[in-house]
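Asker: everything below, folded, please.
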Amino acid sequence: MIPASKNDPTKAVRAEDAFDVAAAHVWLRNQLPDLSGPPPTVTQFPGGASNLTYLLNYGNRNLILRRPPVGTKARSAHDMVREFTIQQRLRPAFPQVPQMLALCTDSEIVGSDFYVMERVPGIILRRDPPADVELAPTATRRLSEQTVDTLVRLHQVDVDSAGLAELGKGPGYVARQIAGWSGRYRTARTDNVPDFETVMTWLDRNQPADMGACLIHGDYRLDNLVLDSTSLDIVALLDWELATVGDPMMDLGNTMAYWVQADDDAGMQLARRQPSNLPGMLTRSEFVDRYCNAMGLSPDRWVFYEIYGLFRLAVIVQQIYYRYHLGQTSNPMFAEFWRLCDYLEQRCRGLLPGS
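Answerer: Residues are numbered from 1 along each chain as shown. Below you'll find the predicted structure:
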């Protein structure tokens with residue numbers, strides 16, 4: 001059994017990520033009349049590499065504030081209005097979405113748009129479980145199977161009924177993703193990383209037709225899931241900044257890029273950020289088969305989605321490193337991201353048919 005107090009730890013707010021807590025508190029009290037007491041104690045969740053997440057501790061109530069990184073504009077990956085609206089509309093159909101409370105579009109308050117939501121208590125599994133948490137193989141098997149099944153339920157949400165159909169851009173999702181991520185990589189490339197041209201050319205020439213259109217999360221991983229402290233049931237899915245309507249197999253490829261299993265090489269093990277390598281966890285192949293069986297989809301072209309997922313991860317990593325390279329962030333955890341980008345290029349090339 002895992003203690004109910006085993007929550008995701010926070011740290012002091014980094015200087016570059018600080019905001020006017022008093023101003024945010026005054027604004028929030030106007031939105032939530034039942035919120036009482038002095039301004040909250042604010043700490044920061046250290047795990048995210050994109051949008052910033054803070055814990056607002058009001059003593060008898062914990063809230064979560066989300067805002068973009070300093071220096072970014074409201075692109076889709078940092079659009080607080082979009083992220084808030086998706087979750088607000090989705091929650092009735094998919095209850096693992098946290099309760100949205102308030103959205104602020106006045107940049108004078110904290111320097112950007114932001115939103116506030118209820119904190120869902122529970123456990124978030126980072127790279128390794130806490131030392132005092134024992135996950136037996138039977139528990140990890142059940143958790144990994146439930147992880148697949150939750151993704152299936154998300155992909156089966158009726159986007160029209162949920163009011164989210166407007167997120168879709170029609171047929172051609174696969175092509176748009178390959179072109180879009182290729183362009184982003186070329187824009188963010190620095191001299192110390194490979195050009196990825198062989199991989200991008202192969203992806204462009206071997207695109208399958210769209211396998212359908214559904215609501216996809218875009219960043220579905222164990223460390224974006226909140227687990228019940230006792231049962232380990234999945235009670236919430238966090239970080240919806242990349243959610244959209246698109247091809248379900250592409251979302252599965254995104255997820256498997258993070259799913260490092262026990263027999264992966266040393267490079268993948270260094271990149272691991274969730275305990276998907278524990279005894280009892282589904283392998284990537286088992287995960288894909290369970291998902292495809294539940295969705296009625298074929299895994300025959302899986303190599304395309306696997307390479308796409310790894311390439312997309314490399315682009316995300318490189319975009320973060322590029323911000324560090326330009327001095328837009330001083331977070332030391334980003335200093336070596338270029339090495340991961342280099343490794344992911346090698347891994348993609350190794351998966352190319354005939355390599």
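
Asker: mind listing what's buried along stretch 222-235?
Answerer: Under the neighbour-count criterion of 16 or more other C-beta atoms under 10 Å, stretch 222-235 has 222-229, 232, 234-235 buried. In this view, the C-beta of every residue, glycine as well, is placed from N, C-alpha and C.

Asker: by pLDDT, rank those and give me the bottom one.
Answerer: Lowest pLDDT of the buried residues of stretch 222-235: S229, 88.

Asker: so that one: helix, strand or coil?
Answerer: With DSSP: H, G, I helix; E, B strand; the rest coil as the basis, the three-state label of S229 is coil.

Asker: quick check on it: phi, psi?
Answerer: phi -60, psi -20 (degrees, to the nearest 10).

Asker: remind me, longest helix of this protein?
Answerer: helix 302-325 (DSSP state H).

Asker: please work out the average pLDDT along it.
Answerer: Mean predicted confidence for helix 302-325 is 96.

Asker: ok, now stretch 117-135?
Answerer: So the average pLDDT for stretch 117-135 ends up being 88.

Asker: what ranges do the strands span in the stretch 151-300 of the chain?
Answerer: Under the criterion DSSP state E, counting those that start in this stretch, the stretch 151-300 of the chain contains strands at 214-216, 225-227, 234-237, 244-246.

Asker: name the residues of the worst-scoring helix or strand of the chain on mean pLDDT that are buried.
Answerer: One helix or strand of the chain scores below all others by mean pLDDT, DSSP states H and E: helix 266-271, with a mean of 92. The neighbour-count check on helix 266-271 (16+ other C-beta under 10 Å) flags 268, 271 as buried.

Asker: among the strands of the stretch 151-300 of the chain, which comes closest to V13?
Answerer: For these, proximity to V13 was assessed by C-beta to C-beta; strand 225-227 is nearest, at 21.7 Å.

Asker: ok, residues contacting the closest one?
Answerer: 120-125, 143, 147, 150, 233-238 (C-beta atoms under 8 Å, 6 or more residues apart in numbering).

Asker: would you list the phi and psi of D195?
Answerer: Main-chain torsions, D195, degrees, to the nearest 10: phi -80, psi -10.

Asker: typo on my end, it should be D158
Answerer: Reported as degrees, to the nearest 10, the phi and psi values for D158 are phi -80, psi 110.

Asker: spatially nearest residue to it (excluding sequence neighbours)?
Answerer: Nearest residue to D158 in three dimensions, chain neighbours excluded: A93, at 7.0 Å (C-beta to C-beta, 6 or more residues apart in numbering).

Asker: wait, that neighbour sits on A162?
Answerer: Yes - if you go by C-beta atoms under 8 Å, A93 and A162 touch, sitting 4.8 Å apart.

Asker: burial count for S161?
Answerer: 11 (other C-beta atoms under 10 Å).

Asker: how far does stretch 294-314 sit from its chain's centre?
Answerer: 17 Å (C-alpha atoms, centre = their mean, to the nearest Å).
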